[in-house]
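Peer 1: Quick one: sequence plus predicted model below, questions after.
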Amino acid sequence: MNVIWVYKKSILEQIRDLKALMITLLSPMAFIIIFGFFFGQGYYTYNIAISNTDKGGAGQEFIQLLRESKYSNGNQVFKVDEIPAQSEKIEKGLKNREYAAHLYISSDFSEKIFQVDSPKPTQLKITGDPAFSQFFLTELTLENSINKFIRASTQTAEPIEVSTHNIHEAKINSEYDAMAPGLIILSVYFLMVLSAMAITRESENKTLQRLLLSKLKTWEFYGGISLSQLTLAVVVLAIVIPTAIFMGFKPNGSIVLAFFIGCFASLSAIGMGMVIAAFSRNALDAFNIGNVIFFPIFFLSGVVIPPPDIILFQISNMEVGLLSFMPPLSAVSAANKVLINNAGISVIWTDLVLLGVLTLLYWVMGVFLFSRKHKRYR
């Protein structure tokens, strides 16, 4: 059967191009390890320096409160280093980003804390480098801690009590737990580049022209290429899922279902690769164009920060916007629901339907553009 013949040929060609194959297989694992290294140890602990000149005991009590502040998973919120107010270590530590911020507690802190109507309130000075991304978050967290301490010390009743409840029984131990499902899914989109290279390589080597002059049909050519890429998707997922777990990811749902989502998503990656191949003259073009497209996809997929979107319409309680026409968005959404919220098919079916429609759309576009580009050989 021609499909099987093209499949075997494609696998052999990719094994011969060992460098491209290893980049495709190892790059997703590198992403998983890097994110696991930076975000897998729990919520971030902020290193701060404090100069306490308070003549009473409130300043020291507040410092002790900061030392004991912890996230829900047990990680410390602050790591405190007490330094004299005039020490050169403060400026040096802020410049070298050893500290995210410096807090100066004034000498009359204990005296003023109980004088609510004081005409000249004391000031707690927070200093930091605005170019350091951690400073903004540290400042907000410190201000919140200061306000809580003042209210507790003055026994001021809270006008509003805020409590947090999850709509799903999901347990997130770190930022990495929230990112890992999306990273796993995005790993198969590296195949977008490899599938585009596999197709353009056939044209570059002049073998595509001979194939098209034979009785090989377009769908048989694409079918064989797609099967080879699907095989690689299985290998990639078999590598990245254990790697993510090794780096600290704790899935709440079915890994088998997530594996299926990854394989399904790889079909859309192959379709996108077909479109890229139609605009590439050679494998190098395909590599360059594919990578230019991949990185915006990475940031717009919602793995790190949910991107803003323009909502167009709604299907079964699911909003569909402009970014919804990016297949990775639906795939990442489905994986998050499965691995974080322990959802089943009944919950993610709308994501899978949209992913299937988009996959078909990219495949049709790819086949059409491919046929138009090479119709002179028919």
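Peer 2: Done, it's in.
Peer 1: which is the next helix or strand following the lowest-mean-pLDDT helix or strand in the chain?
Peer 2: Least confident helix or strand, the chain: helix 207-213 with a mean of 62, by mean pLDDT, DSSP states H and E. The element immediately downstream of helix 207-213 (helix or strand, assigned by DSSP states H and E) is helix 218-246.
Peer 1: Report all helices and strands that that next one contacts.
Peer 2: helix 2-16, helix 18-39, helix 175-187, helix 191-204, helix 207-213, helix 255-278, helix 345-373 (3 or more Cβ pairs under 8 Å, 6 or more residues apart in numbering; DSSP states H and E). Any C-beta I mention is one placed from the backbone N, CA and C, and that applies to glycine too.
Peer 1: Please repeat the previous calculation with a cut-off of 6 Å.
Peer 2: Other helices and strands packing on helix 218-246, by 3 or more Cβ pairs under 6 Å, 6 or more residues apart in numbering; DSSP states H and E, are helix 2-16, helix 18-39, helix 175-187, helix 191-204, helix 255-278.
Peer 1: chain center to that helix, what's the gap?
Peer 2: Offset of helix 218-246 from its chain centre (Cα atoms, centre = their mean, to the nearest Å): 21 Å.
Peer 1: Now do the same for that helix: mean pLDDT, whole number.
Peer 2: When pLDDT is averaged over helix 218-246, the result is 88.
Peer 1: Give me the buried stretch members for that helix, please.
Peer 2: 220-230, 232-233, 236-237, 239-241, 243-244 (16 or more other Cβ atoms under 10 Å).
Peer 1: re the thing from before, can you list the helices and strands packed on helix 218-246 in TSV and add mean pLDDT?
Peer 2: Converted to TSV, these look like this (pLDDT from 0 to 100):
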stretch	mean pLDDT
helix 2-16	81
helix 18-39	83
helix 175-187	88
helix 191-204	83
helix 255-278	92
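Peer 1: K55 contacts D108, correct?
Peer 2: No. Counting by Cβ atoms under 6 Å, K55 does not reach D108; the two are 7.2 Å apart.
Peer 1: Tell me the spacing between the most centrally placed residue in the chain and A152.
Peer 2: Nearest to the geometric centre of the chain sits V303, at 2.7 Å (Cα atoms, centre = their mean). For V303, the distance to A152 equals 38 Å [Cβ to Cβ, to the nearest Å].
Peer 1: for I33, same thing?
Peer 2: 42 Å.
Peer 1: Neighbour count: those two, which is higher?
Peer 2: I33 (17 against 13; other Cβ atoms under 10 Å).
Peer 1: Please name the nearest non-neighbouring residue to that one.
Peer 2: Among residues not flanking I33 along the chain, M247 sits closest, at 6.1 Å (Cβ to Cβ, 6 or more residues apart in numbering).
Peer 1: What helix or strand is P296 located in?
Peer 2: P296 belongs to helix 283-300, assigned by DSSP H and E.
Peer 1: which other helices and strands contact that helix?
Peer 2: If you count contacts as 3+ Cβ pairs under 6 Å, 6+ apart, helix 283-300 packs onto helix 191-204, helix 255-278.
Peer 1: got the angle for whichever helix or strand comes after it vs helix 345-373?
Peer 2: Per DSSP H and E, the first helix or strand lying C-terminal to helix 283-300 is strand 311-315. Orientation of strand 311-315 against helix 345-373 (axes from the mean of the first three to the mean of the last three Cα atoms, to 10 degrees) gives an angle of 120 degrees.
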